[in-house]
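# could you work out the structure for the sequence below:
(one chain, ligands or ions: 1)
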Amino acid sequence: MLKTVVCVSGGGTNLQAVIDGIGQGTITNVKIVRVISNNRKAYALERAKQAGIEAVCVSPKEYEERAQFQQAFLRAVEEAEPDLIVLAGFLVVIPPELIRRYENRIINIHPSLIPSFSGTGYYGLKVHEAALARGVKITGATVHFVDEGTDTGPILMQEPVPVQEGDTPEILQKRVMEKAEWVILPKCLDLIANGRVTVTDGQVHISE
Ligand code: GRF
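This is a model prediction of the structure:
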């Protein structure tokens, strides 16, 4: 069983896709052991509670020093003794110490086809605003392993999504979530949990 901690900051629709996948059996061998948010108001925490999953908030606002918050966040993760950490709409920089301890055991879902529209400053609606401004015809979502950069780790899976005439950032975000994020994040969890993913020299291999 892959003990998984999911880190969230907002609505938790990606978390919900994973919860539903486990419930429907499309994700196997995964147990979400804790959901952690930096945002006390995150609806994702409510989704966790409704699913009977331990929900913990570690808010930077409650610590005078950034380092104190990072230590508290580290503790909240380590206490759960996860095999995998999933960043699902998590808007906090991960402490380098955690990335070192969990090399190739932290994955992130990003709402574009990395390397496009990724890196510092590209999150949430900003990603889709940039895609529309550039006029791309295809965008999508990416699941990647987390390294010490921003959206720069080994890519595990991507799903393309067409941009349509008249799209607003909100319409495009919804399509990318529905057609890409909520599809590939559950798939990636199931692949990892069933031993089908390896990372070699920064390249991800999925075995049959
Ligand atoms: C969304 O913009 C999603 O693309 C990104 O994080 C944001 C919140 O997602 N991954 P969620 O509804 O909290 O999962």
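# so which bits of the protein are right by the ligand?
8, 10-15, 44, 88-89, 109, 111, 124, 173, 177, 181 (CB under 6 Å from any ligand atom). The C-beta positions use only the backbone N, C-alpha and C, and glycine is treated the same way.
# as a check, name the ranges of all strands in the chain.
Assigned by DSSP state E, the strands in the chain fall at 2-8, 30-37, 55-57, 84-87, 106-110, 138-145, 155-162, 197-200, 203-206.
# quick one: distance of the third one to the chain centre.
Going back to what we said before, that points to strand 55-57. Put simply, strand 55-57 sits 16 Å off its chain's centre (CA atoms, centre = their mean, to the nearest Å).
# show me which residues of it are buried.
Going by neighbour count (16 or more other CB atoms under 10 Å), the buried part of strand 55-57 is Ala55, Val56.
# what do you get for the second one?
Along strand 30-37, the positions that meet the burial threshold by neighbour count (16+ other CB under 10 Å) are Val30, Ile32, Val33, Arg34, Val35, Ile36, Ser37.
# can you pull the contacts of the fourth one?
Put plainly, it is Arg34. The contact partners of Arg34, by CB atoms under 8 Å, 6 or more residues apart in numbering, come to Val5, Val6, Ile53, Glu54, Ala55, Val56, Ala76, Val77, Glu79, Ala80, Pro82.
# closest to the ligand out of those?
Proximity to the ligand was ranked across the contacts of Arg34 by CB to the nearest ligand atom; first place goes to Val6, at 9.4 Å.
# pull the longest helix from the chain.
With secondary structure taken from DSSP state H, the chain has its longest helix at helix 66-79.
# quick one, that one and strand 30-37 angle?
If you take axes from the mean of the first three to the mean of the last three CA atoms, to 10 degrees, helix 66-79 sits at 160 degrees to strand 30-37.
# for helix 66-79, what is the average pLDDT?
Mean pLDDT, helix 66-79: 96.
# wouldn't Ile27 be in contact with Asp190 here?
Yes - the criterion here is CB atoms under 8 Å, and Ile27 meets it with Asp190 at 4.6 Å.
# any common contacting residues for the two?
With CB under 8 Å, 6+ apart, Ile27 and Asp190 have common neighbours Gly21.
# more neighbours: these two, which one.
Ile27 (25 against 20; other CB atoms under 10 Å).
# so who does the closest residue to the more buried one other than its chain neighbours touch?
Excluding the flanking residues, the one nearest Ile27 by CB to CB, 6 or more residues apart in numbering is Gly21, at 3.8 Å. Contacts here follow CB under 8 Å, 6+ apart; on that basis Gly21 touches Ile27, Pro186, Leu189, Asp190.
# and if you look at Ala131?
With contact taken as CB under 8 Å, 6+ apart, Ala131 is in contact with Ser112, Ser116, Phe117, Thr139, Val163, Leu172.
# 6 Å - rerun?
Contact analysis of Ala131 by CB atoms under 6 Å, 6 or more residues apart in numbering lists Phe117, Thr139.
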